[in-house]
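Q: Give me a 3D structure for the following:
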Amino acid sequence: MKRRRMLGLLAACALPLPAAARTTASAGPRRLLVSIRGIGHRTDPARLSAVLDLLTAAMIPASLIPAAGEDSVDPLANAEIFALVSNYARRFPGLIGLAARCRRLGGLPPYDIARQGFLARQALHRLMPEAPPFCTVLACSGPFAEGDAAALSGAGFRTLLVLPAAAAPVRVTGGPGAVLVVSGGEPLGFPDAGAVFARRHLGQYRHLVFSAPETGAATPADIVAGLSAFSRQLREETTSARRVSLLANEVALRNHAGFRRRLALHLFEPDPRLEGDAAALEVFARMLTGAEIPYSRGPICPCPTRQKDRPPCAGWS
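A: Sure thing, here's the model as predicted:
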């Protein structure tokens, strides 16, 4: 993202817009979410790696949903696939996101909803201790009463993905400061990705929910062909400003221009040996100061890889 674009987004976050501006903003590009669910013991690491290589090369954000909350998932037997997912999440933090996975939440009291969310995140980091330390996106199966999502804020979640069993219109609900609920979407396989834009879709949001590639299912050639066609079509949609793709945890920031947000901006000091990066950071910091946008800065602290070395966090017990 260019500095000018980032400053524009920060300004939009900080300033409330008049009604006319909100109307104009709501007519902007449509949003596209890409999720990959069912990552577990049946997933083929080679096929999944090929998928993620294609998505990251095409700069297409994708939310990965490991089946961490399933009883059949053995951390030792599935170490390869979860190490692969963790590695991509660390290497591509702006393109690859993680979502904790739990079963149905519908009908549970608020305390149990929050506890299930906390346990889902705990299971995710038990399987992938080197993954980014805090996950704010939870995925579950429907049905789910949108008003119950407020309980998840107590467990630290900001976005809930209600995954569809069949194709359904996408709904994004949630008031200012609340947990946003993204329900609906289109389940499909990677070989079918090339036909996505052939189907007419008029909604502001579109959520493509891919199933993780399994051993013996679609051939690598079919997967590559489908995703390659999809990336070309999405590039045309993006360059023509008709559509923008984003991670699930970005929905709260780009829901609509009038959505009240609290945003903290922290600049990490680059490696002092990289003079060009250091100079660029100083220029960017002066731009922020000139625009009266508050920020903090400091060195990059290595993230502890062992669970016991991480700082204690409040949670549900």
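
Q: what stretches of the stretch 51-200 of the chain score poorly on pLDDT?
A: For the stretch 51-200 of the chain, the stretches flagged by pLDDT under 70 are 69-78, 175-177.

Q: ok, which stretches of the stretch 201-317 of the chain are helices?
A: With DSSP state H, counting those that start in this stretch, the ranges of helices along the stretch 201-317 of the chain come out as 220-239, 251-254, 275-290.

Q: Can you tell me which of those has the worst average pLDDT?
A: Per-stretch mean pLDDT for these is lowest at helix 251-254 (a mean of 70).

Q: related to what we said a few turns ago, just the helices of the stretch 201-317 of the chain: most buried one?
A: Greatest average neighbour count among the helices of the stretch 201-317 of the chain goes to helix 251-254 (a mean of 19), per mean count of other CB atoms under 10 Å. The way it works is simple: take the backbone N, C-alpha and C, and place the C-beta from them, glycine included.

Q: Go through the helices of the stretch 201-317 of the chain and name the closest to S245.
A: helix 220-239 (6.5 Å; CB to CB).

Q: can you redo the helices of the stretch 201-317 of the chain as CSV with distance to A212?
A: Listed next are the helices of the stretch 201-317 of the chain as CSV, based on distance: least, CB to CB, whole Å:
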stretch, distance to A212
helix 220-239, 11
helix 251-254, 22
helix 275-290, 36
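
Q: quick one: which of those is nearest L105?
A: Nearest of the helices of the stretch 201-317 of the chain (CB to CB): helix 251-254, 18.3 Å.

Q: Can you check which of the helices of the stretch 201-317 of the chain gets nearest to I65?
A: So among the helices of the stretch 201-317 of the chain, helix 251-254 is nearest, using CB to CB, at 15.0 Å.

Q: I96 contacts L52, correct?
A: Yes: with contact defined as CB atoms under 8 Å, I96 reaches L52; the gap is 6.8 Å.

Q: Quick check: neighbours shared by the two?
A: With contacts taken as CB atoms under 8 Å, 6 or more residues apart in numbering, I96 and L52 have 62, 88 as neighbours in common.

Q: Against G174, how distant is the closest residue to A178 other than its chain neighbours?
A: Nearest non-adjacent residue to A178, counting by CB to CB, 6 or more residues apart in numbering: A150, 5.9 Å away. Plainly put, A150 is 9 Å away from G174 if you go by CB to CB, to the nearest Å.

Q: One more: G106?
A: 17 Å.

Q: do V209 as well
A: 20 Å.

Q: Neighbour count: those two, which is higher?
A: V209 (23 against 20; other CB atoms under 10 Å).

Q: contacting residues for the more buried one?
A: V209 neighbours (CB under 8 Å, 6+ apart): 35, 37, 163-164, 185-188.

Q: A99 now?
A: 35, 63-65, 135, 137-139, 161, 248.

Q: Which of those has the largest number of neighbours?
A: Neighbour-wise, the contacts of A99 (other CB under 10 Å) top out at L138, 30 neighbours.

Q: Doesn't it belong to a helix?
A: No: L138: not assigned to a helix; according to DSSP: H, G, I helix; E, B strand; the rest coil it is strand.

Q: mind starting the numbering at 659 from now?
A: Fine by me, first position is 659 from now on; the one you just mentioned is L796.

Q: these two touch, right, it and L777?
A: No: counting by CB under 8 Å, L796 does not reach L777; the two are 10.7 Å apart.

Q: Give me the common contacts of those two.
A: C760.

Q: Spell out, range by range, the strands that occur in this structure.
A: 688-697, 720-724, 754-756, 758-759, 795-799, 817-821, 826-831, 838-846, 863-869, 901-904, 924-926, 954-956 (DSSP state E).

Q: Tabulate those in JSON lines, adding columns for distance to A879.
A: Formatted as JSON lines, the strands of the chain follow (distance: least, CB to CB, whole Å):
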{"stretch": "strand 688-697", "distance to A879": "19"}
{"stretch": "strand 720-724", "distance to A879": "21"}
{"stretch": "strand 754-756", "distance to A879": "24"}
{"stretch": "strand 758-759", "distance to A879": "29"}
{"stretch": "strand 795-799", "distance to A879": "29"}
{"stretch": "strand 817-821", "distance to A879": "28"}
{"stretch": "strand 826-831", "distance to A879": "31"}
{"stretch": "strand 838-846", "distance to A879": "18"}
{"stretch": "strand 863-869", "distance to A879": "17"}
{"stretch": "strand 901-904", "distance to A879": "24"}
{"stretch": "strand 924-926", "distance to A879": "41"}
{"stretch": "strand 954-956", "distance to A879": "47"}
